[in-house]
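Student: Here is a sequence together with a model predicted from it:
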Amino acid sequence: MGIGDPCYNVKRILVDNGSSVDVLFYSTFLNMGLPSEKLQPATGPLYGFDNRPVRVEGIISLPVILGEFFRQVEHSIQFIIVNLKSAYNAIFGRPLQTIFGAIASIPHLKLKFPTLVGIGIVRGDQQVAQSCYLRLAQLHSLVTLSFEDFDLWNEDIPQRAFPLEDLACVSLSDEHPS
């Protein structure tokens with residue numbers, strides 16, 4: 001996968017079907033040597049998955065290349081630049097996946113997309129994915145919940161529907177009155 005012009009081979013990218021934006025982290029933006037003058041101002045808040053507002057440094061449109069030669073595709077993608085610590089360099093959300101016509105297979109760590117000569121594939125690395133997850137857990141100190149603490153049975157909620165008023169018997173035919 002390549003991002004930018006000149007094209008940088010960027011690794012540690014999260015493909016997130018739940019993200020409504022494509023994100024490039026500010027540290028990655030700086031490491032790519034892109035000038036801050038290329039950033040366009042952002043016009044509105046961005047909320048993280050914890051529903052807290054995230055400060056946006058700006059917006060930039062960059063070329064993204066998926067795949068390997070012969071089966072590769074290039075499109076210009078608008079990235080939101082955020083200055084947060086992350087185990088990832090970028091997040092490919094639904095906009096990028098839609099533009100590329102890409103389908104993510106999470107169990108196989110693959111991203112498939114149409115090209116002019118067939119289906120292109122980007123393969124993930126299981127060890128890198130695990131290390132990113134562990135690093136992300138350390139950064140955000142994930143809370144582990146025990147299922148022993150949850151009582152799924154609630155006595156206040158009726159377990160079966162009941163009629164609000166008395167029911168009337170209605171005959172559907174003269175042959176069968178009941």
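Tutor: On my side now, so go ahead. Numbering: from 1, shown residues only.
Student: how long is stretch 12-27 end to end?
Tutor: End-to-end span of stretch 12-27 (C-alpha to C-alpha, to the nearest Å): 13 Å.
Student: List the buried residues in it.
Tutor: Neighbour counts over stretch 12-27 (16 or more other C-beta atoms under 10 Å) mark 12-16, 19, 21-26 as buried. Yep, even glycine has a C-beta here, placed from its N, CA and C like the rest.
Student: quick one: the helices in the protein?
Tutor: 26-31, 94-100, 126-140 (DSSP state H).
Student: Export those helices as TSV, with columns for distance to residue 81.
Tutor: Converted to TSV, these look like this (distance: least, C-beta to C-beta, whole Å):
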stretch	distance to residue 81
helix 26-31	5
helix 94-100	15
helix 126-140	19
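Student: low-scoring stretches of the chain, by residue?
Tutor: Counting by pLDDT under 70, the chain shows low-confidence ranges at 1-2, 4, 49-50, 139-160, 178.
Student: coming back round to it: next, give me the two most distant ones among the buried residues of stretch 12-27.
Tutor: Farthest apart among the buried residues of stretch 12-27 by C-beta to C-beta are 15 and 26. That separation is 20.1 Å.
Student: how deep is the closest residue to residue 5 other than its chain neighbours tucked in, by neighbour count?
Tutor: Spatial nearest neighbour of residue 5, chain neighbours left out: residue 63 (5.5 Å); criterion: C-beta to C-beta, 6 or more residues apart in numbering. Residues near residue 63, counting by other C-beta atoms under 10 Å, number 14.
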